[in-house]
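In: Task: produce atomic coordinates for the following.
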Amino acid sequence: MGKGLLSAAVAIAVGLVVVGTAGAMPNEDVIDVPAIGKGLCLHNLFQSNMVIQRDKSVRVWGWAAPGEKVTVSFAGQTQSAAADKERLWQVTLTAMKASSTPQTLTIKGRDKTLTLKNILVGDVWVLGGQSNMEFGLGKIEGGKAEIYSANFGKIRHLTIPRKAGKGRRRSFAITRKWSSRSKKHTRSGYWEICSPETIGDLSGIGYIFSRRIHMASQVPIGVIDTSIGGTTLEAWTPMEVVRKIDAPETRQWLAEYDKEVAEFDPQKDLAERIRRKKEWLARKEKEGHKVRPVNQVIPSDLRTVPRPAGKCYDRMIAPLAGFAVKGAIWHQGYNNCFEGSLGATRHYQVFSKMIGAWRTAFNDPRMPFGIISLCTADNQLADNFLEKMLDAGAYIRQAQYKTFLDFRKAGDKNIGFVSSYDQRRSWYHPQLKIPVGERIAAWALATQYDCKLSWEPPYVKEMKVEDGRIVLDFELKGPLGTNPEGPIVGFAIAGKDGKFQPAQADFPVTGKDSRGRPRRDTRRLVLTSPLVPKPIHYRYAWARNPHANLVAGWSKLPLATQRSDSWTLSDLYTAYTGKEPTNTIDKLEGNEHGELKKALKAADLQRRLHEARALLKEHEDTQ
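Out: The predicted structure is shown next:
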């Protein structure tokens, strides 16, 4: 065996970092173990310090010489298989109970034996989504204290290395990446034992989730982080799955993509990007700014057509296909907002298919899948209520909630949903992640670990339109309430003209108690507005950072972002401006978006003037 292969075998077996690689630049990835090695090797999911999924048959696989017999031994089981002509071998271990006792996995070939140590049997959860799932524990509010107390030897975590490229990956390389912040290489692709030294860069939500699950269940927990910032839902869905979606918005998106592929010239694209970068550098230097040198050489595998469906799936999920896991949690949506309500419509069409594709990849048609709704940004207040309803983020949240309801109505009890909009921060990377991790952990504990915890939001059971008001009946345990306490805010209602106004929301009076005080039905709401005499639709929490406070009174879980209408941003443009949008599809041009925003601001002003006049009249009448 050559020295490089020997180093790789040692690294994969005992979790050591290879000290250096000749010729590697400080800002380059150092490959400690290749994605697929020569001779007998394992898929890089299988390492010392890993967690193997309990209560499921476990596929173990790797590569060897064609026809070579490979024998795998673990926890009293021994299975053998021969490598096929493509070098692939695989065996299946029968289901095992959870075990916190470190065990050894041995893989023996014709003339080489690999030994993996300190392996536990428990539950493995996959983390998916974009930057707010990826956001590291060390960056969140309260994260430093969590790091200092992260002494959980039975929690193991693995972050899948990012790697640009084309095609579907079969494995991933184990690497070290240079960090300009810490001035050292950070490990990527290694199973790590949870400790203050290893946990800081792991997903903050993922760590809080795994910590809570482990503390409650007392079984080993493994988390695999696949999240990548700045990614769309379509990128996490196999292209072949997207192509089967028979909906006009998705078909149109695919037609545009196919056209881009046919017309794309990578050399021309590269030259244009370099030209724009040079212009930017020249402008900055002329303005007196110091600019760092920019590497203008873009690897050929990065010069690809924008926004292909399946790109993240192919690079991050496909390599894990066939690995046994407990479930997944998901937090994404920001990058699908850039196309307004059109993007949200397509998000709804694709999301359930993405969940199905992930379940297929992990060989479990009922795999638990927990959805965390889109996070906050910006700030909606009483004064700018209508203006902030323009944000497409609410449409994305509603699409996520509607997807959850579809699964729920179909009897699928393994799909979860929790809102995160009530963790009010005005930044698009809100650092208040601990409550969000605890909330999605409560879903998992209640549905997968038999813990008596509340996780479900209040549901609107029925909507009635009667006598100039909308009446909502709710399904929930206990009463409705507000958090923070005070009048209920967050609802808007509209009539046939499609113009919304903030609604007054009240619990209806049903009688009087023994002391003569009004008795109210706290499972029903009445929505009214003097500016909407004949309402037909409602929306709730309809902003990126909504001014909304309705919760289940006991659990304090928020009512999800939702609506009864199906109006698009194009419909609102027509309702508020009286003009038809340029595009026949639901896509506002830049000037149209500005016009709608201006019209909504004007409507906010008119409402405030109406409220002021009403207050003055009330005062005069009192006098």
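
In: hey, let's count contacts and neighbours off CA atoms from now on
Out: Will do.

In: Quick check: A309 vs E260, distance?
Out: Applying Cα to Cα, to the nearest Å, the value for A309 to E260 is 13 Å.

In: Show me which of those two is the more surrounded one.
Out: A309 (22 against 14; other Cα atoms under 10 Å).

In: Please list all residues in contact with that one.
Out: Contacts for A309 (Cα atoms under 8 Å, 6 or more residues apart in numbering) come out as 234-239, 242.

In: ok, now E134?
Out: The neighbours of E134, taking Cα under 8 Å, 6+ apart as the test, are 202-204, 225, 227-229.

In: Mark which of the residues you listed are buried, thanks.
Out: Buried by 16 or more other Cα atoms under 10 Å: 202-204, 225, 227-228, out of the contacts of E134.

In: Next step: the residues you listed restricted to helices.
Out: Cross-referencing the buried ones among the contacts of E134 against helices under DSSP state H gives G204.

In: now the buried ones among the contacts of E134 as JSON lines including pLDDT?
Out: Shown next, in JSON lines, are the buried ones among the contacts of E134 (pLDDT from 0 to 100):
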{"residue": "L202", "pLDDT": "95"}
{"residue": "S203", "pLDDT": "96"}
{"residue": "G204", "pLDDT": "97"}
{"residue": "D225", "pLDDT": "98"}
{"residue": "S227", "pLDDT": "96"}
{"residue": "I228", "pLDDT": "95"}
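
In: and of the contacts of A309, the nearest to V219?
Out: For the contacts of A309, the minimum distance to V219 (Cα to Cα) is 29.7 Å, reached by W236.

In: Identify the residues contacting the residue nearest to the closest one when sequence neighbours are not counted.
Out: Closest residue to W236 apart from its sequence neighbours, by Cα to Cα, 6 or more residues apart in numbering: Y313 at 4.5 Å. Residues near Y313 by Cα under 8 Å, 6+ apart: 235-238.

In: what do you get for R408?
Out: I415.

In: do S100 as well
Out: By Cα under 8 Å, 6+ apart, S100 lies in contact with 120-122, 154, 219-220.

In: Tell me, what's the model's pLDDT at the nearest residue to W443 once chain neighbours are set aside?
Out: Residue nearest to W443 in three dimensions, not counting chain neighbours: W455, with 5.1 Å by Cα to Cα, 6+ apart. Turning to W455, the model gives it a pLDDT of 96.

In: Could you report the neighbour count for W455?
Out: 21.

In: just to revisit the earlier point, can you tell me which of the contacts of E134 is nearest S420?
Out: Of these, the one sitting nearest to S420 (Cα to Cα) turns out to be G204, at 14.2 Å.

In: among the contacts of S100, which ones are buried?
Out: 120-122, 154, 219-220.

In: Please, where are all the helices along this protein?
Out: Under DSSP H, the chain gives helices at 3-14, 131-134, 143-148, 204-217, 239-242, 248-263, 266-286, 311-312, 340-361, 385-388, 393-409, 434-448, 569-577, 590-622.

In: before we move on, the earlier item: ok, the residue nearest to W443 - contacts?
Out: W455 neighbours (Cα under 8 Å, 6+ apart): 418, 439-440, 442-443, 446, 555, 557.

In: circling back to that earlier point, just the ones in strands from the contacts of S100, please.
Out: 120-122 (DSSP state E).

In: Out of the contacts of Y313, the closest to S80 would be?
Out: So of the contacts of Y313, ranked by how close each gets to S80 (Cα to Cα), first place is P238, at 32.1 Å.

In: The closest residue in space to the closest one that isn't next to it in sequence: neighbour count?
Out: Among residues not flanking P238 along the chain, G310 sits closest, at 4.2 Å (Cα to Cα, 6+ apart). Neighbour count for G310, taken as other Cα under 10 Å: 25.

In: Go ahead and confirm G310 touches T231.
Out: No: with contact defined as Cα atoms under 8 Å, G310 does not count as touching T231 (10.8 Å).

In: ok, back up a step: so how far is D513 from the residue nearest to P238?
Out: Distance from G310 to D513, by Cα to Cα: 60 Å.

In: I228 too?
Out: 56 Å.

In: re the thing from before, just flag the most distant two among the buried ones among the contacts of E134.
Out: G204 and I228 (13.8 Å).
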